[in-house]
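*Asks:* Provide a 3D model corresponding to the input given below.
(chains A and B)
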Amino acid sequence: MSAPQQPATQREVSVEIAAAAGAPPLPGGHPDRAYGPYRSTALRAPRQPLVVSPPSLTELAAPVFGPRDVAPLDADLTRHHPGEPLGERIIVTGRVLDGDGRPVRHQLLEIWQANAAGRYRHEGDQHPAPLDPNFTGGGRAITDDDGRYRFVTIKPGAYPWRNHHNAWRPAHIHFSLFGTAFTQRLVTQMYFPGDPLFGLDPIFQSVTDEKAQQRLVAAYDHDVTQAEWALGYTWDIVLDGAHATPPDPDGV
Amino acid sequence: MLDLTPSQTVGPFFAFGLPVDGGGDVVSAGTPGAITLHGTVRDGAGAPVPDALLEFWQAGPDGRVPTRPGSLHRDGRSFTGFARVPTDRAGDYHLRTLRPAAPAGSPHAPHLAVTVFARGLLHHLFTRVYFPNHTDANAADPLLSALDEERRATLLAVPDGGPTGPGYRFDVRMQGPGETVFLDLSTHGLAQPPAATTETPA
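*Replies:* Got it, this is the predicted structure:
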């Protein structure tokens, strides 16, 4: 592999982003794993094509989660410590659906995020921004009968990273989701509307189709906003849904 | 059809969001028949990947896939069928589980379904762990039988005694020589759903 080089400038990376934007999008709008402007893909994207295989019976089933896995307070990230975290309190809510529009009921969502200053509670985060003793940044929830979820948290800050010189991530919340089949597993990121960093960010831009990009961006929703308390955002998530899925087992 | 939500990388900072206590304990220590499964995740340069997260999902020795809620919860008794293990600084992971059997009617040999997440991976990867002792079932498996010898070997766990008893090694090579076979499971309608889902006894 090549020796370490001077980090690329944003201008150079933006040229690469523009060049990659012309590629036909992959099914579902998913990123190409070998997306060059995101440098860490270089040694981690497989070179061999994926082997097409029908899912096994195991892969057509999925782990089942419930009240034993998630406590009610897990979905309110502002109440995991004695004090209130600093930052802009927000509500993030929406529905998890499969591709056929059916709600994904009683399934697990997990989120993790930086604090309002753009710092993660992680030993690997060296950004010289303050940690917040009242904010950890991880949450869990189970979708309801309608596939709906709701988190209370604070708006995360943008933060620098070392992909290239002066690289900054747009504010985002990481989401992890399960469907009714293991094949529907999804980890993604939710962004906030109107972020000026979208055009510069190789991870956001790894989704090259503009319509697919917009599916990563939450909508400000004044009906979710609560007076004198918190701004509201709505974000629906659609998992692959065309698999033959097992019927809902009784009693779960 | 609704348009899907695209994938994004798990990034480097999932440690306080996804791993759970006992995430590698699909069964508790001392469970009769327990095996360890361990290995190293390596990148295209052969370097260990210290910030990967692996998930495993499987049927039990009775061929049943668990359907009881509580896949993250560890009560010391239940076989949950689900493991979630981050790699350590050396790129190693390990879990304790039971050998799977094939669900009734399965065209596939007994296996563990695996999902690989990592910084630098914009969309997770699926693979499978098969076991070498199922000679006949492996020979008939529609995936294994379609691969050449070298690629098939990347999906077979290697018995190695394990650190604490019967064990298997399963390394993941994300790229390069010996690259693990990763799967596109989006093919629809070719496998039948389970005829019945049965609760695994607690």
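
*Asks:* now the strands for the stretch 151-252 of chain A?
*Replies:* Using DSSP state E, counting those that start in this stretch, the strands found in the stretch 151-252 of chain A span residues A:159-161, A:167-169, A:172-177, A:186-191, A:219-220, A:231-234, A:237-239.

*Asks:* Quick check: B:His73 is in a helix.
*Replies:* No. Assigned with DSSP: H, G, I helix; E, B strand; the rest coil, B:His73 falls outside any helix and is coil.

*Asks:* so what does the lengthiest helix in chain A touch, helix or strand wise?
*Replies:* Longest helix in chain A by number of residues (criterion: DSSP state H): helix A:10-20. Helices and strands touching helix A:10-20, by 3 or more Cβ pairs under 8 Å, 6 or more residues apart in numbering or on different chains; DSSP states H and E, are helix A:202-205. All C-beta atoms are positioned from the backbone trio N, CA, C, and that covers glycine.

*Asks:* Give the buried residues for stretch A:10-30.
*Replies:* A:10, A:13-14, A:16-17, A:20, A:25-26, A:28-30 (16 or more other Cβ atoms under 10 Å in any protein chain shown).

*Asks:* distance between the ends of that stretch?
*Replies:* By Cα to Cα, to the nearest Å, the extent of stretch A:10-30 from end to end equals 24 Å.

*Asks:* what's the answer for stretch B:125-139, then?
*Replies:* Counting by Cα to Cα, you get 24 Å between the two ends of stretch B:125-139.

*Asks:* The closest residue to A:Gly29 other than its chain neighbours: neighbouring residues, count only.
*Replies:* Nearest residue to A:Gly29, sequence neighbours excluded (Cβ to Cβ, 6 or more residues apart in numbering or on different chains): A:Ala212, at 2.8 Å. Residues contacting A:Ala212 under the criterion other Cβ atoms under 10 Å in any protein chain shown number 19.

*Asks:* Surely A:Ala212 is in contact with B:Gln8?
*Replies:* No. A:Ala212 is beyond contact range of B:Gln8, at 11.1 Å (criterion: Cβ atoms under 8 Å).

*Asks:* sorry, back to before: with mean pLDDT added, can I get the strands of the stretch 151-252 of chain A in JSON lines?
*Replies:* Compiled in JSON lines, the strands of the stretch 151-252 of chain A are given as follows (pLDDT from 0 to 100):
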{"stretch": "strand A:159-161", "mean pLDDT": "97"}
{"stretch": "strand A:167-169", "mean pLDDT": "98"}
{"stretch": "strand A:172-177", "mean pLDDT": "98"}
{"stretch": "strand A:186-191", "mean pLDDT": "98"}
{"stretch": "strand A:219-220", "mean pLDDT": "98"}
{"stretch": "strand A:231-234", "mean pLDDT": "98"}
{"stretch": "strand A:237-239", "mean pLDDT": "97"}
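
*Asks:* closest to B:Phe126 out of those?
*Replies:* strand A:186-191 (12.3 Å; Cβ to Cβ).

*Asks:* who's in contact with the closest one?
*Replies:* A:92, A:170-177, A:179, A:198, A:203-204, A:216-218, A:235, A:237, A:239-240, B:5-11, B:117, B:124 (Cβ atoms under 8 Å, 6 or more residues apart in numbering or on different chains).

*Asks:* repeat that with 7 Å
*Replies:* A:170-177, A:204, A:216-218, A:235, A:239, B:5-8, B:10, B:117, B:124 (Cβ atoms under 7 Å, 6 or more residues apart in numbering or on different chains).

*Asks:* Over to stretch B:152-165?
*Replies:* By Cβ under 7 Å, 6+ apart, the surrounding residues in contact with stretch B:152-165 are B:35-38, B:127-132, B:144, B:167-170, B:178, B:180-181.

*Asks:* Which members of these are positioned in helices?
*Replies:* Short answer: the contacts of stretch B:152-165 have none in helices (DSSP H).

*Asks:* Give me the buried entries from those residues.
*Replies:* Buried among these (16+ other Cβ under 10 Å): B:35-38, B:127-131, B:144, B:167-170, B:180-181.

*Asks:* How about stretch B:88-106, which residues are buried there?
*Replies:* Per 16+ other Cβ under 10 Å, stretch B:88-106 contains these buried residues: B:91, B:93-103, B:106.

*Asks:* ok, is that stretch in contact with chain A or not?
*Replies:* Yes. For stretch B:88-106 and chain A, the contact criterion (Cβ under 7 Å from any Cβ of the partner chain) is met by B:103, B:106.

*Asks:* Kindly report the same for stretch B:67-81.
*Replies:* Yes. Residues of stretch B:67-81 contacting chain A under Cβ under 7 Å from any Cβ: B:67-73, B:81.

*Asks:* Tell me where chain A is predicted with low confidence.
*Replies:* A:1-4, A:242-252 (pLDDT under 70).

*Asks:* centroid residue for it?
*Replies:* Against the mean C-alpha coordinate of chain A, by Cα atoms, centre = their mean, the closest residue is A:Gln189 at 1.8 Å.

*Asks:* hang on, the earlier thing: deepest-packed of the strands of the stretch 151-252 of chain A, please.
*Replies:* The highest mean neighbour count among the strands of the stretch 151-252 of chain A, using mean count of other Cβ atoms under 10 Å in any protein chain shown, belongs to strand A:172-177: a mean of 24.

*Asks:* angle of that strand against strand A:186-191?
*Replies:* 150 degrees (axes from the mean of the first three to the mean of the last three Cα atoms, to 10 degrees).
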